[in-house]
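[1] sharing a model prediction with you, sequence too.
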Amino acid sequence: MKPGDLCYVYCHAYQDTTRTAYMPLPSGKRLDGKDLMSWLTTASSDGGTFVVIADVGMAASFIRLPFVYNVSGGSLSWSRGCANQAQDENGRVIAILATDHGQPAVTIDNGSKELYPGYHGLFTWALFSYLRNQPVEVDLVNLLLHLRKHSGWHLAQPLPQVSATIEGLRQAPLGLWAA
């Protein structure tokens with residue numbers, strides 16, 4: 001990637017009986033999240049940014065980045081909750097995740113008679129409903145609050161996450177970021 005490049009990655013992963021999340025490959029092999037993140041951080045180390053969107057169970061376990069963000073006082077705050085598991089802090093990677101560690105992803109029937117009726121991932125549906133009503137720049141704080149509000153309505157109460165490498169957060173490709 002070249003400086004200024006932006007690439008969105010939407011991924012799906014599975015979980016086996018040992019509660020290990022992985023992405024199945026066409027060859028039949030499995031791609032572990034730490035390998036995927038290693039590839040993305042290496043590919044983005046010259047200046048491009050990857051934004052990973054994952055509507056999967058155990059997303060925070062599959063996409064392990066060193067900084068996990070939360071909303072505190074109307075701005076983003078961070079912890080190093082995943083630092084001991086993360087493979088690399090370099091590169092520019094931001095992840096918007098449907099679930100925290102150990103949580104299932106949720107599928108809903110949107111009940112709509114409009115475009116795209118039927119079953120969809122709750123996180124994906126909430127994400128697209130938010131983006132559809134936004135200007136070009138997206139405020140990440142409001143996005144995270146919106147995703148958590150809509151996820152909180154479901155009995156399973158999945159907790160959407162935002163995590164990043166330190167350079168990923170500084171890149172801020174989604175728009176308005178709290179300082």
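    Cool, got the structure.

[2] first residue to last residue on stretch 102-122, what's the distance there?
    End-to-end span of stretch 102-122 (Cα to Cα, to the nearest Å): 17 Å.

[3] next one: stretch 52-71
    With Cα to Cα, one end of stretch 52-71 sits 19 Å from the other.

[4] how about it: buried residues?
    52-69, 71 (16 or more other Cβ atoms under 10 Å). C-betas here are computed from N, CA, C, even on glycine.

[5] model confidence over it, on average?
    Mean pLDDT, stretch 52-71: 78.

[6] what's the spacing between the residue most central in space within the chain and residue 123?
    Nearest to the mean C-alpha position of the chain, by Cα atoms, centre = their mean, lies residue 96 at 2.1 Å. According to Cβ to Cβ, to the nearest Å, residue 96 and residue 123 sit 9 Å apart.

[7] which neighbours do these two share?
    Residues touching both residue 96 and residue 123 (Cβ atoms under 8 Å, 6 or more residues apart in numbering): 147, 160.

[8] tell me where the protein has strands.
    Listed in chain order, the strands of the chain (DSSP state E) span 6-11, 14-15, 21-24, 30-32, 49-54, 67-72, 75-79, 93-97, 107-109, 119-121, 161-164.

[9] ok, which of these comes nearest residue 145?
    strand 67-72 (5.8 Å; Cβ to Cβ).
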